[in-house]
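Asker: Structural data only, the sequence is not supplied:
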């Protein structure tokens, strides 16, 4: 068989066929690689592979058309058949020779992620999984071309037939969707012919075991069929030929049946086994917190996806499969809005966007709108919007805990004293923990309601009345929880507000902290980047948090036996305090400014009453714009603080997962040079080499 492989490879590279194949493939791939990965600086090689996959429809037939047809036309096949080699060895040898040529091109592609990594962070697991998928797809395409080359002695006919079959397989998904949007027996049969379908999983960071088995068994089947065709041509017209034909037909049916059975069995494997998540962010893998929720389920839950199954969001679909596999109590159903446009009215009065999920359990339900499943960022230089993170698991797990919980607690935001509203992302974080947020005006309420999981007092600018302060004090004395921020813009005497804090040994000093250490501030000395102290509330903070116009938080009862004080945020020792803000003329340190390490955030718990108070000395701490400066770390601090404000069963909050890697940093000069080398020089050099070798061989 080695002789067959060497003979075939030598033939490809002593003629122009092998060189044209490599040149055509690399021209198209390099074109997409330059456009997506260099010019647009995307970190995913799958973008270039997806765009260039269509070139296989043209170049694979060029590679395979002569493999069997030429031998039949020139009668050299008789020499092969009289050699001491079995037909399977001959067929497999020719196949491996073409695979070797194809693998040279794929080997060059394998270098690209390494090159890209010099310009930024590249998801290697996803990159090489995508390359594996394309390589397996190429193997199946080669085996199909080899089979069709065996059924004719015309290279042209073999090429045309190969193109037609590969094109049909490539377009089959589109053909199926044009026939119907619902799955039935016909679509399942036609789906077996959609040879490009498994590529979607490989390109999105999933090591698809069903896809691997599909390509391997499909390749083996067509090699087997090729052997059967060749065997038939070897027999002369006789009674043996008839018996051989019957044997071949039976054997072919058995081979097809085995292929179908193997693929069906593999498709029945658990989703976690047949779809291995290789994404760096583990987009398709559920967290331990979610599995704990699923393990505790006692009631049946149905997740209705408002989309036809074939057109459903692929990432969300994989996530839902994990939920269904994670609990026998979870059932996923796809509702096509085109077929049932009013289905949502049973659960909500407002029409959700297409692709949304309605999670229902008995009489309780929650709509997870498709717009909430992804989080977006806006590039204001180009006014373009892109997906930044995927929150499918977080939203779905929150919905599951909501529909299975009888009593939901509330967080009350105190109003009436010039308080600032929480940023929308912070409010959403509370709702995701199944803590509904409601405003509470103490003037019109006798007490803080009994269903309060906590209260939030966000930067009051005017003092509380004595009555309002007493209502808050009574709530805390009963074991209440509070998150309080202070505002440097507070006017007048804040005696009543301060009395709430003083009962727990806390005091917010007036003035504004400036940072003398430039590593602890951003652009301005009052844009503080404090040191995050080790505490349960800060355990999920990774990196900086930002505090604007912050005030010092002091603890005055160090000798208390019931109060436990925990520092959360501290400045550097070079910070200083501007006390007289009315006459502030400079941000620089002046004589009389108090200097030293200041606490900006602290927590106090009372072992006697159970009260839990967290004070942050900056009302801007929970502002969306400020949070964006530190990539969401203020939000992580907020979630760490409020995580204890509800029962553990309902307060599960799964963070959104980063959806993509940062763009590569490729300079313009390299982009320009790369276009010339990748798109022009390499393909031209390959073609010239092929022509020279072919001409010299012909002349010899």
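Answerer: Alright, I've got the coordinates. All values derive from a computational prediction rather than experimental measurement.
Asker: Listing request: residues of this protein with sub-threshold pLDDT.
Answerer: Under the criterion pLDDT under 70, the flagged ranges of the chain are 71, 73-85, 180-183, 233-248, 378-385, 407, 646-651, 700.
Asker: try 50
Answerer: Across the chain, the ranges flagged by pLDDT under 50 are 236-247, 648.
Asker: And the helices in the stretch 151-300 of the chain?
Answerer: Assignment of helices within the stretch 151-300 of the chain using DSSP state H, counting those that start in this stretch yields the ranges 155-179, 185-191, 197-203, 209-234, 239-267, 271-274, 288-295.
Asker: Return the set of buried residues in the second one.
Answerer: Think helix 185-191. The neighbour-count check on helix 185-191 (16 or more other CB atoms under 10 Å) flags residue 187 as buried. C-beta coordinates here come from the backbone N, C-alpha and C atoms, glycine included.
Asker: which residues are in contact with it?
Answerer: Applying CB atoms under 8 Å, 6 or more residues apart in numbering, the contact partners of helix 185-191 are 172-173, 175-176, 179-180, 197, 310.
Asker: starting at the chain centroid, how far to it?
Answerer: Here helix 185-191 shows a centroid-to-chain-centroid distance of 29 Å under the convention CA atoms, centre = their mean, to the nearest Å.
Asker: What backbone torsions are found at residue 457?
Answerer: The phi and psi values for residue 457, taken as degrees, to the nearest 10, are phi -120, psi 100.
Asker: no wait, residue 546
Answerer: Backbone torsions of residue 546, given as degrees, to the nearest 10, read phi -120, psi 130.
Asker: got a list of what it touches?
Answerer: 522, 527-529, 621, 626-627, 629-630, 633-634.
Asker: Kindly list the longest helix within the chain.
Answerer: Taking DSSP state H as the criterion, the chain has its longest helix at helix 87-117.
Asker: Packing partners of the helix or strand just after that helix?
Answerer: As assigned by DSSP states H and E, the chain's next helix or strand after helix 87-117 is helix 124-150. Counting contacts by 3 or more CB pairs under 8 Å, 6 or more residues apart in numbering; DSSP states H and E, helix 124-150 packs against helix 45-52, helix 56-64, helix 87-117, helix 155-179, helix 197-203, strand 206-208, helix 209-234.
Asker: Identify the residues contacting the fifth one?
Answerer: Counting by CB under 8 Å, 6+ apart, the neighbours of helix 197-203 from elsewhere in the structure are 46, 49-50, 53, 129-130, 132-134, 136-137, 172-173, 191, 208, 210-211, 214-215, 275, 314.
Asker: Narrow these to those that are buried.
Answerer: Applying 16+ other CB under 10 Å to the contacts of helix 197-203, the neighbour count classes 46, 49-50, 53, 129-130, 132-134, 136-137, 172-173, 208, 210-211, 214-215, 275 as buried.
Asker: Pretty sure residue 601 sits in a helix.
Answerer: No: Residue 601 is assigned strand when assessed by DSSP: H, G, I helix; E, B strand; the rest coil, not a helix.
Asker: what about it, neighbour count?
Answerer: Using other CB atoms under 10 Å, residue 601 has 28 other residues around it.
Asker: again, but for the one 5 residues further on
Answerer: Neighbours of residue 606 under the rule other CB under 10 Å: 19.
Asker: list the contacts for it?
Answerer: The contact partners of residue 606, by CB under 8 Å, 6+ apart, come to 476, 504, 562-563, 612.
Asker: got a markdown table for the helices and strands packed on helix 124-150, with distance to residue 687 too?
Answerer: What follows is the helices and strands packed on helix 124-150, written out as a markdown table (distance: least, CB to CB, whole Å):
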| stretch | distance to residue 687 |
| --- | --- |
| helix 45-52 | 18 |
| helix 56-64 | 13 |
| helix 87-117 | 14 |
| helix 155-179 | 19 |
| helix 197-203 | 28 |
| strand 206-208 | 35 |
| helix 209-234 | 29 |
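Asker: out of the ones you listed, nearest to residue 268?
Answerer: helix 209-234 (9.8 Å; CB to CB).
Asker: what's the angle between the closest one and helix 87-117?
Answerer: On the basis of axes from the mean of the first three to the mean of the last three CA atoms, to 10 degrees, helix 209-234 is oriented at 150 degrees to helix 87-117.
Asker: Helix 209-234 packs against which elements?
Answerer: Here helix 209-234 touches helix 87-117, helix 124-150, helix 197-203, helix 239-267, helix 271-274, strand 275-277, going by 3+ CB pairs under 8 Å, 6+ apart.
Asker: 7 Å instead, please
Answerer: helix 87-117, helix 124-150, helix 197-203, helix 239-267, helix 271-274 (3 or more CB pairs under 7 Å, 6 or more residues apart in numbering; DSSP states H and E).
Asker: May I see the buried residues of that helix?
Answerer: Using 16+ other CB under 10 Å as the test for burial, helix 209-234 gives 209-215, 217-231.
Asker: hmm, back to that, and of the helices and strands packed on helix 124-150, who's closest to residue 465?
Answerer: Residue 465 sits nearest to strand 206-208 of all these, at 59.7 Å, using CB to CB.
Asker: mind checking how far that closest one is from the chain centre?
Answerer: 14 Å.
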